[in-house]
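*Asks:* Here's my sequence, what's the structure:
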Amino acid sequence: MKKVVYPKVGGVDSIQIVEVEDPIPGEGEVCVRIHRAGINFADLMMRQGLYGSNPDYPFTPGYEAAGEVISMGGGVERISQGQRVLAMTGFGGYSEMVCLDASRVVPLPDSISYDQAAALPVTYGTAYHMLVHLGNLSEGDSVLVHHAAGGVGTAVAQICEAFGVSKVIGTASAPKKDFVESLGMHFVDSKSEDFVSICKALTGGRGVHHAIDPVGGKHLMLSYKALRAGGRLFCFGASSAVKGDKRSLTKAMSMWASTPKFDPLKMMRSNKAVFGVHMGLLDDDSIFKSHLEALSGMLLKGQIDPVIDSVWDFKRVAEAQKHMHDRKNRGKILLDFS
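*Replies:* Model prediction:
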């Protein structure tokens, strides 16, 4: 079988596709023939050595994938051979085949496509965890989301619509204005407009209930200022540390140095809260599984439907990641291993 490997820290030109022996599932494991795998911004940061929680090099990235079970080890009971599944790989999803514990696969109904399944866990799971699980999202709330045209941004827009949110304010680059507005968001130009003052103006001077920030650095404090009293800021990324497809230590260090130090005493006076969110480091798998169950139900009801930007043959993985580096995607980018 073939799989994608990060041999070392590097740009997209460092990515390798290697051929290895087919994996054999061990006790309690299943082997999944992958059809689709999701690309996430975290994958790009791992390649640049900026993520901090990936395996040692060389390794195969890929948090999420969808495919069919082709073999099973002993002791597997609730999964059958030939079954279509969502695979929460953690790492290793950029592969034609992957073996993983049976507890980390979720059976797929025939009505959910491989594209939909592979686009669901990270983007929609992250958005749901922040807004619903931590944020207690309620009808009438207001939400600010940055990188609104990306995978998490589009997920936020759909989840907010399903929950009856009154206003979603999305920042993005000017070429993505029509796309962001088509999702029901109020567009804010991330390069030329002051999103803090716009959030205040659209909420009667109070600010938003929730701010979703994958940018990091000094940007976090601006998002914090866009909140109303009692609002919640969710930090789940650090895209400002990444400049182009090759690592820039200067850019990364600048981001870390400009990250604000929030004062708990000042936060008490406004009852604001700041959450750091890393779905890959959740120590309770049942939380994420409950999110997937809820999201699967919403998908079957037509309340959400993952926006797929593009599907790339896995041999073009470098081009696909460059597409994300260049901020060209509108929704989720997938790799085709079928």
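*Asks:* so who does residue 134 touch?
*Replies:* 232, 234, 275, 277 (CB atoms under 8 Å, 6 or more residues apart in numbering). No exception for glycine: its C-beta is placed from N, CA and C like everyone else's.
*Asks:* For it, give its distance to residue 281.
*Replies:* In this structure, residue 134 and residue 281 are 15 Å apart, going by CB to CB, to the nearest Å.
*Asks:* Over to residue 9?
*Replies:* Relative to residue 281, residue 9 is positioned 21 Å away (criterion: CB to CB).
*Asks:* Neighbour count: these two, which is higher?
*Replies:* Set residue 9 next to residue 281 and count neighbours by other CB atoms under 10 Å: residue 9 wins out with 14 against 9.
*Asks:* With adjacent residues omitted, what lies nearest to the more buried one?
*Replies:* Distances taken as CB to CB, 6 or more residues apart in numbering place residue 49 nearest to residue 9, at 3.9 Å, with adjacent residues excluded.
*Asks:* what does residue 273 give?
*Replies:* Using CB to CB, 6+ apart and skipping the chain neighbours, the partner closest in space to residue 273 is residue 232 (4.8 Å).
*Asks:* Quick one: name whatever helix or strand follows the host helix or strand of that neighbour.
*Replies:* In the assignment (DSSP states H and E), residue 232 maps to strand 227-235. Once the chain leaves strand 227-235, the next helix or strand it forms, by DSSP H and E, is helix 249-258.
*Asks:* Buried residues of that following helix, list them for me.
*Replies:* 252, 255 (16 or more other CB atoms under 10 Å).
*Asks:* just stretch 100-112 next, same as before
*Replies:* 100, 101, 102, 104, 105, 106, 108, 112.
*Asks:* Restricted to strands, list those.
*Replies:* Here DSSP state E is the test, and those give 100, 101, 105, 106 as lying in strands.
*Asks:* can the residues you listed go into JSON lines with extra columns for pLDDT?
*Replies:* Converted to JSON lines, these look like this (pLDDT from 0 to 100):
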{"residue": "100", "pLDDT": "96"}
{"residue": "101", "pLDDT": "94"}
{"residue": "105", "pLDDT": "94"}
{"residue": "106", "pLDDT": "92"}
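*Asks:* quick check, nearest of the residues you listed to residue 222?
*Replies:* When those are ranked by distance to residue 222 (CB to CB), residue 106 comes first, at 37.6 Å.
*Asks:* Next, the contact list for residue 251, please.
*Replies:* 240, 241, 242, 243.
*Asks:* Any quick ChimeraX command for the buried ones out of those?
*Replies:* Per 16+ other CB under 10 Å, the buried members of the contacts of residue 251 correspond to this ChimeraX selection:
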select :240,241,242,243
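*Asks:* my guess is residue 173 contacts residue 191, does it?
*Replies:* Yes: the pair residue 173 / residue 191 is scored as a contact, 6.4 Å apart, by CB atoms under 8 Å.
*Asks:* Those two: which has the busier surroundings?
*Replies:* The residue with more neighbours, out of residue 173 and residue 191 and counting by other CB under 10 Å, is residue 173; that gives 16 against 8.
*Asks:* wait, is residue 157 part of a strand?
*Replies:* No: Residue 157: not assigned to a strand; according to DSSP: H, G, I helix; E, B strand; the rest coil it is helix.
*Asks:* thinking again about what came up before, list the contacts for the residue nearest to residue 273?
*Replies:* Shown here is residue 232, whose contacts under the criterion CB under 8 Å, 6+ apart are 134, 135, 209, 210, 211, 272, 273, 274, 275.
*Asks:* Just give the number of residues close to the residue nearest to residue 73 when sequence neighbours are not counted.
*Replies:* Once flanking residues are discounted, residue 73 sits nearest to residue 25: 4.0 Å by CB to CB, 6+ apart. Residue 25 has 22 neighbours, counted by other CB under 10 Å.
*Asks:* give the contact list for residue 25.
*Replies:* 31, 71, 72, 73, 99.
*Asks:* The residue nearest to residue 9 contacts residue 11, correct?
*Replies:* No: in this structure, residue 49 is not within contact of residue 11 by CB under 8 Å, at 11.4 Å.
*Asks:* where do the contact lists of those two overlap?
*Replies:* Common neighbours of residue 49 and residue 11 (criterion: CB under 8 Å, 6+ apart): residue 247.
*Asks:* need the strands for the stretch 151-300 of the chain, in chain order.
*Replies:* With strands called from DSSP state E, counting those that start in this stretch, the stretch 151-300 of the chain shows them at 167-172, 186-189, 208-213, 227-235, 273-276.
*Asks:* Which among those is found nearest to residue 257?
*Replies:* Of all the strands of the stretch 151-300 of the chain, the one in closest proximity to residue 257, counting by CB to CB, is strand 227-235 (16.0 Å).
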